[in-house]
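S.K.: Turn this into a structure:
(one chain, ligands or ions: 1)
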Amino acid sequence: MRLSQYFLPLLRDDPKEAEIVSHRLMLRAGLIRQASAGIYSWLPLGFRVLQSIEQIVREEQDRAGALELLMPTIQPAEIWRESGRYDVYGKEMLRIEDRHEREMLYGPTNEELITAIFRDAVKSYKDLPRILYHIQWKFRDEIRPRFGVMRGREFLMKDSYSFDLTVEDARKSYNRMFVAYLRTFARMGLKSVPMIAETGPIGGNLSHEFIILADTGESEVYCHRHLVQLDAPGANVDYETDLSTTVASFTGKYAATVEKHDADRFVREVPEQDRLTARGIEVGHIFFFGTKYSEAMGCKVQGPGGELVTVQMGSYGIGVSRLVGAIIEASHDDAGIIWPQSVAPFDVGLINVKVGDGGTDAACEEIYGKLQTAGLSVLYDDRDDRAGAKFAAMDLIGLPWQIIAGPKGLASGEIELKERATGARHSLTFDSALNRLVQSATEARREAA
Ligand code: 5CA
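M.R.: Below is the predicted model of the structure:
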């Protein structure tokens, strides 16, 4: 993509309304614009990141055996009356009346709709277990939307729902999602810590929040330091096997959000030097709530002996749009964003230091072509602007690699390769730079496989 033809409205100064670094950088780097409080438009660069995150989430859900579908954003009030949540949900639910005076709502979550779909379609235990998911916009009329996409009113969520015959089977589905979540966040360069959490309006009595530690996190969290050092399960994890030991290695030590924190237990169970009190960002939340919705909505199947069994359910959410902010909170410096390769909007930025100089222009065109032929996505800064301004812009938007090409280096057949994360710069021939980039992209892909 040529920057001269792109849509990338950068802001020179920090926007006043942005309190935390990810919000500031998302506005400054031209990723989002606010439409109204807690509601954002995703500009081209931000949309590419959102789509990469969505794709990682999707791949890990599919790998864990979940099936993707798509439910609408607008739901009928009726099904929420069946579950009993229409009145309890309160002002956070955006209620709408259509032209026939039918009560509708913009979905804050989808337990009711998926239960209705499942109930109407599945009659036998032979069609269990199933995990269904979708990636869809949600609306919650939060009292205090803030921190940009971190606490929005409209936000993109991946929500999965599991259906099982027994509590024991449901626990297996829960474990699948648990492991898939660890892998999902690790692929985005994030270290997530699962913590015992409050179930709130979703319900049930078993739930874990997946927390990214960050100073700007909204909630206080407490855990054993060792949990932060654990590596996520590898790509070879077999979802058909019993995952309870893997899950136990992440749940065996103390970890709780502030609502579930037990100060006495924390002191009793965790040696002082291992007690970690920090702030965290909740990027995922999983729930087992048994028959809360299936009972109320009559979601039953015929069991092996012919008897009617009420289905056991769980739900599993990931804040897809929140993750864009969370990744920036975890990975930035004074100059701007530092994207992990897996979610970067482009693999490499190419800076032409002297636009209008025939030799430099020609060399950059050739480099631009070759990078793309090698399968890399490139943002080519071909604008006629000061070199300093171009360097600052490229650092701000945070692509993992930069190739800087100017007449001086090119005269001796060299360009400069800069790694955004370390700031390390190397003068080398374009061919060696290309090798490095291809190698780095291949490694990133291998991690994903
Ligand atoms: N139905 C369940 C699981 S599918 C559910 O709604 N869970 S939730 O309320 O915990 O939301 C799931 C995830 O969505 C959260 O972990 C969080 O990452 C994200 N999320 C929740 N509210 C917001 C919000 N206001 N803005 C951005 N992301 C949000």
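S.K.: Would you mind measuring from Tyr89 to Arg322?
M.R.: The spacing between Tyr89 and Arg322, counted by C-beta to C-beta, to the nearest Å, is 20 Å. For glycine as for every other residue, the C-beta is placed from the backbone atoms N, C-alpha and C.
S.K.: What residues of stretch 152-171 count as buried?
M.R.: 152-165, 169-171 (16 or more other C-beta atoms under 10 Å).
S.K.: Which of those fall within helices?
M.R.: Asp169, Ala170, Arg171 (DSSP state H).
S.K.: what residues does the stretch 301-449 of the chain put near the ligand?
M.R.: Ser315, Tyr316, Gly317, Gly319, Ser321, Arg322 (C-beta under 6 Å from any ligand atom).
S.K.: circling back: so between Tyr89 and Arg322, which is more surrounded?
M.R.: Per other C-beta atoms under 10 Å, whichever of Tyr89 and Arg322 has more neighbours is Arg322, with 25 against 17.
S.K.: Need the phi and psi values for that one.
M.R.: Dihedral angles of Arg322 (phi, psi; degrees, to the nearest 10) stand at phi -60, psi -30.
S.K.: Tell me which residues touch the residue in the stretch 1-150 of the chain that the ligand sits nearest to, please.
M.R.: Nearest residue of the stretch 1-150 of the chain to the ligand, counting by C-beta to the nearest ligand atom: Thr109, 3.8 Å away. Thr109 sits next to Lys138, Met157, Asp159, Ile202, Ser315, Gly317 when contact means C-beta atoms under 8 Å, 6 or more residues apart in numbering.
S.K.: Out of these, show me where the pLDDT dips lowest.
M.R.: Scanning the contacts of Thr109 for pLDDT, the low point is Ile202. It has 82.
S.K.: what's it in contact with, if anything?
M.R.: Ile202 neighbours (C-beta under 8 Å, 6+ apart): Thr109, Glu111, His285, Phe287, Phe289, Ser315.
S.K.: distance of the residue lying closest to Ile39 once chain neighbours are set aside from the ligand?
M.R.: Residue nearest to Ile39 in three dimensions, not counting chain neighbours: Glu154, with 4.7 Å by C-beta to C-beta, 6 or more residues apart in numbering. Look at Glu154 and the ligand: by C-beta to the nearest ligand atom, to the nearest Å, they are 8 Å apart.
S.K.: Bridged to Glu154, which residues?
M.R.: Judged by DSSP bridges, the bridge partners of Glu154 are Phe139.
S.K.: now Gly317
M.R.: Under the criterion used (DSSP bridges), Gly317 bridges to Asp159, His285.
S.K.: so where is the stretch 201-350 of the chain shaky, pLDDT-wise?
M.R.: Applying pLDDT under 70 to the stretch 201-350 of the chain flags no residue at all.
S.K.: I figured Gln312 hits Thr291, correct?
M.R.: Yes. Contact between Gln312 and Thr291 holds when scored by C-beta atoms under 8 Å: they sit 6.5 Å apart.
S.K.: So if I had to pick from those two, which one is more boxed in?
M.R.: Neighbour comparison, Gln312 and Thr291: the larger count goes to Gln312, with 23 against 18 (by other C-beta under 10 Å).
S.K.: what's the most distant pair in the residues of the stretch 301-449 of the chain next to the ligand?
M.R.: Ser315 and Ser321 (18.3 Å; C-beta to C-beta).
S.K.: Let me know the helix or strand that Arg119 is in.
M.R.: helix 111-121 (DSSP states H and E).
S.K.: and what of Glu209?
M.R.: Using DSSP H and E, the element containing Glu209 is strand 206-213.
S.K.: Check which strands are paired with that strand and give the direction for each one.
M.R.: The strands that strand 206-213 pairs with in its sheet are strand 192-196 (antiparallel), strand 275-290 (antiparallel) (by DSSP bridges).
S.K.: Need the residues that contact the next helix or strand after the last one.
M.R.: Looking back up the chat, that one is strand 275-290. Note on strand 275-290: by DSSP H and E, the next helix or strand toward the C-terminus is helix 292-297. Contact with helix 292-297 is made by 79, 82-84, 111-112, 115-116, 119, 203-204, 299-300, 310-313, as judged by C-beta under 8 Å, 6+ apart.
S.K.: so how far does stretch 10-22 reach from one end to the other?
M.R.: One end of stretch 10-22 sits 15 Å from the other (C-alpha to C-alpha, to the nearest Å).
S.K.: again, but for stretch 100-112
M.R.: For stretch 100-112, the first and last residues are 22 Å from each other (C-alpha to C-alpha).
S.K.: mind listing what the closest residue to Ser244 other than its chain neighbours touches?
M.R.: Distance criterion C-beta to C-beta, 6+ apart; nearest residue to Ser244, sequence neighbours excluded, is Asn175 at 6.0 Å. Asn175 makes contact with Leu243, Ser244, Thr246, Val247 under the criterion C-beta under 8 Å, 6+ apart.
S.K.: what do you get for Asp231?
M.R.: Asp231 neighbours (C-beta under 8 Å, 6+ apart): Ala186.
S.K.: Give the helix, strand or coil label for it.
M.R.: At Asp231 the chain is in coil, as set by DSSP: H, G, I helix; E, B strand; the rest coil.
S.K.: roughly how far is stretch 49-63 from the heart of the chain?
M.R.: A distance of 8 Å separates the C-alpha centroid of stretch 49-63 from that of its chain, computed with C-alpha atoms, centre = their mean, to the nearest Å.
S.K.: next one: stretch 153-170
M.R.: The mean C-alpha position of stretch 153-170 is separated from the chain mean by 17 Å, C-alpha atoms, centre = their mean.
S.K.: Look up how far Ile318 lies from Leu399.
M.R.: Leu399 sits at a distance of 25 Å from Ile318 (criterion: C-beta to C-beta).
S.K.: So which residues on the stretch 1-150 of the chain come close to the ligand?
M.R.: So the stretch 1-150 of the chain meets the ligand at Thr109, Glu111, Arg140, Glu142 (C-beta under 6 Å from any ligand atom).
S.K.: With adjacent residues omitted, what lies nearest to Thr199?
M.R.: Using C-beta to C-beta, 6+ apart and skipping residues adjacent in sequence, the residue nearest Thr199 is Ser207, 4.7 Å away.
S.K.: Report the contact partners of the one you found.
M.R.: By C-beta under 8 Å, 6+ apart, the contact set of Ser207 is Ile196, Ala197, Glu198, Thr199, His285, Ile286, Phe287, Phe288.
S.K.: what's the closest of the residues you listed to the ligand?
M.R.: Among these, and counting by C-beta to the nearest ligand atom, the member closest to the ligand is His285, at 3.3 Å.
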